[in-house]
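In: what follows is a predicted protein model with its sequence.
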Amino acid sequence: MPDVPAATASAVRVVVDDLDGAAIRALLTGHHSEMAANSPACSMHALDLTALRDPAVTVWSAWAGAELAGCGALKQLDPRHGEVKSMRTADGFTGRGIAAAVLDAIVTEARTRGYLRLSLETGSDDFFAPARRLYLRHGFTECGPFAGYVLDPYSQFFTLALDRA
């Protein structure tokens, strides 16, 4: 796994999540609230729990033993294009490769599904700088708006061309 220290990578388990557990619901509810607090309403694109249950969305949770360490989601935009959503590392787990492990699971699944491209939107201010660094480290490049997004000074868009599996 790229960018994940060996001890962390072996200790983290990333699994598809049904969103029934209290821990994942709390993490995602907190994520949604924090995104709303750090983005103008017209520029806040985080999915709430109802939207994350859409059949076009798959959510993964990352576990360090019995502790929820993070999560992320993949939304199908069309049969060849997916979007990374709801990337979140739980308090106390930042800097331990959790986001990289979740992103790796998402990219792997996107390739398995035959997607040719994986894209995402994140914030443009300093609060979102760690997310932007993560995506750049994993080969994403800046791009323009996609899938109904519009140019917005509070948003940055990234994409990753995928090899066929």
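Out: Structure's in. What do you need? Numbers count the residues shown, from 1 in each chain.
In: low-confidence ranges, this structure, go.
Out: Across the chain, the ranges flagged by pLDDT under 70 are 1-10, 164-165.
In: just the helices in the chain please.
Out: Ranges of helices in the chain, per DSSP state H, are 6-11, 22-37, 49-52, 98-112, 129-137.
In: comparing the ones you listed, which stretch has the densest surroundings?
Out: Of those, the one with the most neighbours on average (mean count of other C-beta atoms under 10 Å) is helix 98-112, at a mean of 21. C-beta coordinates here come from the backbone N, C-alpha and C atoms, glycine included.
In: distance to residue 74 added to the helices of the chain, as TSV?
Out: Listed next are those as TSV, based on distance: least, C-beta to C-beta, whole Å:
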stretch	distance to residue 74
helix 6-11	20
helix 22-37	15
helix 49-52	11
helix 98-112	5
helix 129-137	14
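In: show me what contacts residue 157?
Out: Shown in contact with residue 157 (C-beta atoms under 8 Å, 6 or more residues apart in numbering): 119-121, 142-146, 149.
In: please repeat the previous calculation with a cut-off of 6 Å.
Out: Residues in contact with residue 157 (C-beta atoms under 6 Å, 6 or more residues apart in numbering) are 121, 143, 145.
In: what about those, which are in strands?
Out: The strands, defined by DSSP state E, take in 121, 143 from the contacts of residue 157.
In: from the contacts of residue 157, which single one is nearest residue 33?
Out: Nearest to residue 33 among the contacts of residue 157: residue 121, at 18.1 Å, using C-beta to C-beta.
In: of the contacts of residue 157, buried ones?
Out: Buried subset of the contacts of residue 157 (neighbour count, 16 or more other C-beta atoms under 10 Å): residue 121.
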